[in-house]
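**Q** coordinates only, no sequence provided:
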């Protein structure tokens, strides 16, 4: 699929999300002339430490989309085992397609062209609800999540408060 076909697919997905909004997030373009960079707002999932938060993020799609995954980067500060300190989200479906060189993930868990913006964002919301501390991007957050839940909870609460003020 060429970049123009990827652009058409992204426009369709954006229209679908606008027509049929999904609870938990909103999505749009930063700039109407660039369909490859999306502005995302994720609402902290109910009954999680992130509840009440409004976390800004961006999805950056490669020209090879949908054959290659986008990158998702939180612009709001967020403390989570599966989010690098840079804000980049680290979950299986955003990893390049094919076999994992380390044998941790199966190819079926990694990026597949059938994933959509909606399925990515639902996976990120699920990640917020259920951190995977077995394969962390942020080792310090994962260690704290396992060993000092109260300190972890306090850091997340600060992130939630900051996100409400942005």
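**A** On my side now, so go ahead. If you're wondering where the values come from, they're calculated on a predicted model, not measured in any experiment.
**Q** please, where are all the helices along this structure?
**A** Ranges of helices in the chain, per DSSP state H, are 3-19, 117-129, 139-147, 149-165.
**Q** any chance of those in JSON lines, with mean neighbour count and mean pLDDT too?
**A** Quick note: C-beta positions are derived from backbone N, CA and C, even for glycine. Shown next, in JSON lines, are the helices of the chain (neighbours: other Cβ atoms under 10 Å; pLDDT from 0 to 100):
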{"stretch": "helix 3-19", "mean neighbour count": "14", "mean pLDDT": "93"}
{"stretch": "helix 117-129", "mean neighbour count": "19", "mean pLDDT": "96"}
{"stretch": "helix 139-147", "mean neighbour count": "16", "mean pLDDT": "97"}
{"stretch": "helix 149-165", "mean neighbour count": "15", "mean pLDDT": "98"}
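**Q** would a markdown table of these with distance to residue 83 be doable?
**A** Converted to a markdown table, those look like this (distance: least, Cβ to Cβ, whole Å):
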| stretch | distance to residue 83 |
| --- | --- |
| helix 3-19 | 22 |
| helix 117-129 | 8 |
| helix 139-147 | 8 |
| helix 149-165 | 10 |
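**Q** residue 65 is nearest to which of these?
**A** helix 3-19 (4.0 Å; Cβ to Cβ).
**Q** for the closest one, packing partners?
**A** Judged by 3 or more Cβ pairs under 8 Å, 6 or more residues apart in numbering; DSSP states H and E, the packing partners of helix 3-19 are strand 25-29, helix 117-129.
**Q** find the centremost residue of the chain, please.
**A** Centrality entry for the chain: nearest residue to the mean C-alpha point is residue 124, 4.3 Å, by Cα atoms, centre = their mean.
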